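*Asks:* Any chance you could fold what I've pasted below:
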Amino acid sequence: MENSFSVLFYPKRSDVDKHGKAPIYVRIVVGGKRSESSIQRKILRDKWNSTAGKAFGNNTEMRELNRYMDGVRSNIYKIHSRLTEKGIKFTAKDIKDIYSGKVAKSKMLLEIFQDHNDQMESLVGKEFSAGTLQRYSACKKHLEAYIAFDYNQMDMALKEIDHKFITGLEYFLKTKKSCTHNTALKYIVNFKKIIRIAYANGWIEVDPFLHWKARWNNKEREFLTQAEIDAIVGKKFLPVRLEQVKDIFLFCCYTGLAYTDVEKLSDDDIVLGMDGKPWIKTRRRKTNTKSSIPLLPPAQAILEKYANHPQVLLKQKLLPVLSNQKSNAYLKEIADICGIHKNLTTHLARHTFATTITLSNGVPIESVSKMLGHTSIKTTQHYAKVLDRKIGVDMENLMVRYARKSKSN
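*Replies:* Numbers count the residues shown, from 1 in each chain. So this is what the prediction gives:
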C-alpha cells in the first residue's frame, strides 16, 4: 500500500456548465492518499467511458482529447519515476504541484554538496588544501550513510532539512560512526557551510542551523617541555630516516609551521627582515593566511644541514619531508627511544612552538598569533590557557615543597 501509485481521469459531474459539459479531473494516488487537479478540458457526460477512463467515440475531437490525457498521464508517470529514482519521499500532492508548475524542482542536499566538492577540487592548491577537500568528501559520505540509515532514502530535499535532521546527524555520527564529540561537530560545521550556501542562494527560506550552536569539549593540547626538547636534540639516531624525521620535527618546534607548510618551503620563503636577519614568510595551506617567523638559530642550522640533500636539490625545497603518515610512525619510535610518554605527532610540534618556545619565554600573544598565522587571536589564547594551567600545577608543586620545608623546620 505504501508504494502504490495510480493515475485516473474522471468528469466532475457536480460542476456541469450550461452546455451540459463537465470539467475533467486527473486523480493521482500515492500510498492510498489522493490529490486531484483539473486538466482544463471538458466533456459531455454521455461521451465519457467510466470503465476505460477516457472519452467515447472515434471522431477528431474525442481522439485529440484522449491523446491529450495520455500525454498528461505520461508526464505524471515521468515525475513519479524521477522522484522514485532519487530515493526521496513524496506525496500525491507533491506530484500534482510539480506537474502544475506550482513548485520548482526541489534542490537536493547531496547534489549541491557534490557540486560544492567539485568546485573545491578545482581550487585545491589555489584556495583550498587537499586535506580540506578530504574532510568535505568524508562529510558527504557520512551524510549519505545517515540519510540511507535514518530516512531510507538516497538523497534529501533541502526543504526537508530541519533542526531534528541536524541533531539526528550528530547522534548518528557518535553512535554509528564512533566519532568523538568534537569530530562529530567538525563534520556538522562542514555540513553547515553547505546549508548556508543554499540559504544565501534562496534555495531554502529558513536556515535550520538558526538555533543550533556548536558546543566544543575543551581538549588538553599536549606540548613538549624544554627538557623533552633537549632530550630529542641530544639524541643521535643511526637510522637515517629517524634522524631526518627528528630534525624536521624540531624545525616545526622552532618555527611553529604545520608539517604541510614545511613540506612546501622553498628559497622564496626565506627573506631578510627589517632587523637584517632571515625570516620565514609564507602562506598557510590551511587558511591561506600569512605567517611571518624569525628564523631561530637551531632552525637555521637544520636548513644548513640538509642544504645539499638529494631530495632537496631534486624538488627545490628546503627540507626532505617524508609523508605525514610515515613521519608520525617514526615519531613514536623517537618518543620511545627518548623516554617521552606523550603522543608525539607532527602537529604537537606546532603546540610546542606556541607554548614552550614562545609564550613561556615572554613573547607577546599577539606576536605568537601572527607567527602561527591564526585568523583570530582567540585560537592562540587556547595555548595561553594551557600555559596558565601548567604554571598553576608548577606553583602547586612548589607550595607543597615549601610546606614540607616549613614542617621540617
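*Asks:* Let's see the pLDDT reported for the closest residue to T379 other than its chain neighbours.
*Replies:* Once flanking residues are discounted, T379 sits nearest to S369: 7.5 Å by CB to CB, 6 or more residues apart in numbering. The C-beta positions use only the backbone N, C-alpha and C, and glycine is treated the same way. Per-residue pLDDT puts S369 at 87.
*Asks:* Is S369 part of a helix or strand, or is it coil?
*Replies:* Secondary structure, DSSP: H, G, I helix; E, B strand; the rest coil: S369 is helix.
*Asks:* which stretches of the stretch 51-200 of the chain have low pLDDT?
*Replies:* The stretch 51-200 of the chain contains residues with pLDDT under 70 at 102-105.
*Asks:* what ranges do the helices span in it?
*Replies:* Remark: helices assigned in the stretch 51-200 of the chain by DSSP state H, counting those that start in this stretch are 60-85, 92-100, 109-122, 130-151, 163-175, 181-200.
*Asks:* Packing partners of the fourth one?
*Replies:* Looking back up the chat, that one is helix 130-151. Under the contact definition 3 or more CB pairs under 8 Å, 6 or more residues apart in numbering; DSSP states H and E, helix 130-151 sits against helix 109-122, helix 163-175, helix 181-200.
*Asks:* Flag every buried residue along the last one.
*Replies:* When neighbours are counted by 16 or more other CB atoms under 10 Å, the buried residues of helix 181-200 are found to be 184-188, 190-192, 194-195, 198-199.
*Asks:* cool, stretch 59-69 as well?
*Replies:* So for stretch 59-69, counting by 16+ other CB under 10 Å, buried means 62, 65-66, 69.
*Asks:* which of those residues lies closest to F56?
*Replies:* M62 (6.6 Å; CB to CB).
*Asks:* excluding its backbone neighbours, what's nearest the closest one?
*Replies:* A55 (4.4 Å).
*Asks:* and the one you found, what are its bridge partners?
*Replies:* W48 (DSSP bridges).
*Asks:* That one reaches Y68, doesn't it?
*Replies:* No: between A55 and Y68 there is no contact under CB atoms under 8 Å: 9.8 Å.
*Asks:* Wait, K264 touches R285, no?
*Replies:* Yes: assessed by CB under 8 Å, K264 is found in contact with R285 at 7.0 Å.
*Asks:* I377: how many residues sit nearby?
*Replies:* If you count neighbours by other CB atoms under 10 Å, I377 ends up with 13.
*Asks:* what's the pLDDT at it?
*Replies:* pLDDT for I377: 78.
*Asks:* I'd like the distance between it and N218.
*Replies:* Distance, I377 to N218, using CB to CB, to the nearest Å: 18 Å.
*Asks:* Ok, T183 next?
*Replies:* Using CB to CB, T183 is found at 15 Å from N218.
*Asks:* what's near enough to touch N217?
*Replies:* When contacts are counted by CB atoms under 8 Å, 6 or more residues apart in numbering, N217 touches 181-182.
*Asks:* any idea where the strands of the stretch 201-350 of the chain begin and end?
*Replies:* Using DSSP state E, counting those that start in this stretch, the strands found in the stretch 201-350 of the chain span residues 270-272, 278-283, 290-294.
*Asks:* could you dump those strands to JSON lines with mean pLDDT?
*Replies:* Formatted as JSON lines, the strands of the stretch 201-350 of the chain follow (pLDDT from 0 to 100):
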{"stretch": "strand 270-272", "mean pLDDT": "92"}
{"stretch": "strand 278-283", "mean pLDDT": "91"}
{"stretch": "strand 290-294", "mean pLDDT": "89"}
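*Asks:* Output these as TSV; include the columns mean neighbour count.
*Replies:* Shown next, in TSV, are the strands of the stretch 201-350 of the chain (neighbours: other CB atoms under 10 Å):
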stretch	mean neighbour count
strand 270-272	13
strand 278-283	18
strand 290-294	17
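*Asks:* In contact with the residue nearest to the spatial centre of the chain, which residues?
*Replies:* Most central in the chain under CA atoms, centre = their mean is N190, positioned 3.0 Å from the mean C-alpha point. For N190, the contacting residues are 135-136, 139, by CB under 8 Å, 6+ apart.
*Asks:* The protein - how does it break down into domains?
*Replies:* Residue ranges for the domains of the chain, per automatic domain parsing: 5-100, 109-200, 226-395.
*Asks:* how long is the second one end to end?
*Replies:* Just to be clear, that refers to domain 109-200. With CA to CA, to the nearest Å as the measure, the ends of domain 109-200 fall 14 Å from one another.
*Asks:* Report the distance from it to the chain centre.
*Replies:* Chain-centre distance of domain 109-200: 6 Å, with CA atoms, centre = their mean, to the nearest Å.
*Asks:* Kindly report the same for stretch 362-371.
*Replies:* 29 Å.
*Asks:* Send me that stretch as CSV with only the CA atoms.
*Replies:* Output of stretch 362-371 as CSV, limited to C-alpha atoms (Å, rounded to 0.1, in the frame of the first residue of the first chain):
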residue,chain,number,x,y,z
GLY,A,362,57.6,36.0,27.3
VAL,A,363,56.8,36.5,23.6
PRO,A,364,53.5,38.5,23.5
ILE,A,365,50.4,36.6,22.4
GLU,A,366,49.8,39.0,19.5
SER,A,367,53.2,38.2,18.1
VAL,A,368,52.7,34.4,18.5
SER,A,369,49.3,34.7,16.8
LYS,A,370,50.9,36.4,13.8
MET,A,371,53.7,33.9,13.6
